[in-house]
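K.L.:
Please work out how this folds:
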Amino acid sequence: FACPFPEFEPSDEDESLALGTLDVLRAALFQHQGAGALPAGDVESLTREIWAIGHGLASLELKGALGEPEVATTIWRTTIDHLLTGILEAP
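P.N.:
Next up, the predicted model:
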């Protein structure tokens with residue numbers, strides 16, 4: 001989520017594994033869209049939007065910026081709830 005130490009350089013394999021998680025998210029979104037649980041739209045953009053939000057929240061939590069664990073959990077849940085509500089209500 002962030003550079004763990006200045007000299008860290010991820011290998012091609014590291015980057016491939018990390019981007020593989022994006023494939024899992026994308027596939028899940030396509031599956032939900034196909035089942036009618038998500039509105040028709042640009043799954044590629046939605047995948048990157050959700051990925052960005054998850055990375056942002058994780059980075060903040062790892063730095064302790066979301067507060068105590070109970071507060072961080074509430075922020076995660078509220079943020080994801082708002083995100084999904086926005087997706088489902090989008091025209």
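
K.L.:
Every contact and neighbour count from this point should use C-alpha atoms.
P.N.:
OK.

K.L.:
name the helices or strands packed onto the lowest-mean-pLDDT helix or strand in the chain?
P.N.:
Averaged element by element with mean pLDDT, DSSP states H and E, the chain has its least confident helix or strand at helix 12-34 (a mean of 89). Other helices and strands packing on helix 12-34, by 3 or more CA pairs under 8 Å, 6 or more residues apart in numbering; DSSP states H and E, are helix 43-62.

K.L.:
Alpha carbons of whichever helix or strand comes after the helix it packs on, as PDB, please.
P.N.:
Going down the chain from helix 43-62, the next helix or strand is helix 69-89, by DSSP states H and E. The C-alpha trace of helix 69-89 is given here as PDB (Å, rounded to 0.1, in the frame of the first residue of the first chain):
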ATOM      1  CA  PRO A  69      -9.600  -0.300  15.600                       C
ATOM      2  CA  GLU A  70     -13.300   0.100  16.400                       C
ATOM      3  CA  VAL A  71     -13.300   3.600  14.800                       C
ATOM      4  CA  ALA A  72     -11.400   2.300  11.800                       C
ATOM      5  CA  THR A  73     -13.900  -0.500  11.300                       C
ATOM      6  CA  THR A  74     -16.800   1.900  11.400                       C
ATOM      7  CA  ILE A  75     -15.000   4.100   8.800                       C
ATOM      8  CA  TRP A  76     -14.400   1.200   6.500                       C
ATOM      9  CA  ARG A  77     -18.000   0.000   6.800                       C
ATOM     10  CA  THR A  78     -19.500   3.400   6.300                       C
ATOM     11  CA  THR A  79     -17.200   4.200   3.300                       C
ATOM     12  CA  ILE A  80     -18.000   0.900   1.600                       C
ATOM     13  CA  ASP A  81     -21.700   1.300   2.300                       C
ATOM     14  CA  HIS A  82     -21.700   4.800   0.800                       C
ATOM     15  CA  LEU A  83     -19.700   3.500  -2.200                       C
ATOM     16  CA  LEU A  84     -22.200   0.700  -2.900                       C
ATOM     17  CA  THR A  85     -25.200   2.900  -2.300                       C
ATOM     18  CA  GLY A  86     -23.800   5.400  -4.900                       C
ATOM     19  CA  ILE A  87     -23.100   2.600  -7.400                       C
ATOM     20  CA  LEU A  88     -26.500   1.100  -7.000                       C
ATOM     21  CA  GLU A  89     -28.300   4.400  -7.300                       C
END
